[in-house]
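Student: I would like the atomic coordinates for the input below:
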Amino acid sequence: MQCAVGNICDNTGTWRYLTPAHGSTELTYLGELNENFGRRIAGYKPSELLQIEAVFLRAMGYELPIAYSSKKPKNPESKDLLFQGLSATVSFLCELEGISDVMDCTELFDFDPSDAQAVLTK
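Tutor: All right, here's what the predicted structure looks like:
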């Protein structure tokens with residue numbers, strides 16, 4: 001039930017000082033300073049952490065950056081919404097790491113039906 005980056009950062013909120021608003025990808029002065037010095041938090045640059053959080057929140061249906069009048073999901077604790085956020089976040093993390101998307105299940109459905117029939121008749 002924590003945010004994506006909160007979980008990455010072991011449920012600490014120190015990353016929140018890197019941005020002026022929750023869901024924003026804009027760095028504060030402190031965020032820019034850390035970014036320019038090459039500091040990484042839980043293995044990610046400050047700008048990457050903000051992008052990760054934004055991906056999670058957008059996938060859940062939040063309008064970013066989050067403000068009092070922003071569009072929000074009706075039931076943010078919905079397991080379906082949380083799974084959508086998780087899926088989008090994991091896909092983005094794979095992109096950041098330069099690996100194939102582990103959430104992409106299209107390969108499971110990419111088969112030749114004649115191959116399946118041959119397996120069934122054996």
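Student: all helices for the protein, in order.
Tutor: Counting by DSSP state H, the chain has helices at residues 4-8, 29-36, 46-60, 79-97, 106-109, 113-121.
Student: check these for me: which has the lowest mean pLDDT.
Tutor: Looking at the helices of the chain, the lowest mean pLDDT belongs to helix 113-121 (a mean of 56).
Student: what about the spatially closest residue to K72 that is not a sequence neighbour, how many neighbours?
Tutor: Closest residue in space to K72, ignoring its immediate chain neighbours: Y62 at 5.8 Å, by C-beta to C-beta, 6 or more residues apart in numbering. For glycine as for every other residue, the C-beta is placed from the backbone atoms N, C-alpha and C. A count of nearby residues for Y62, using other C-beta atoms under 10 Å, gives 20.
Student: just to revisit the earlier point, so which of the helices of the chain comes closest to R16?
Tutor: helix 4-8 (8.7 Å; C-beta to C-beta).
Student: so what does that closest one touch, helix or strand wise?
Tutor: helix 46-60, helix 79-97 (3 or more C-beta pairs under 8 Å, 6 or more residues apart in numbering; DSSP states H and E).
Student: contact partners of the longest one?
Tutor: The contact list for helix 79-97 (C-beta atoms under 8 Å, 6 or more residues apart in numbering) reads 4, 44, 48, 51-52, 55-61, 73, 75, 100-104.
Student: among these, which ones are buried?
Tutor: Among the contacts of helix 79-97, those classed as buried by 16 or more other C-beta atoms under 10 Å are 4, 44, 48, 51-52, 55-57, 59-61.
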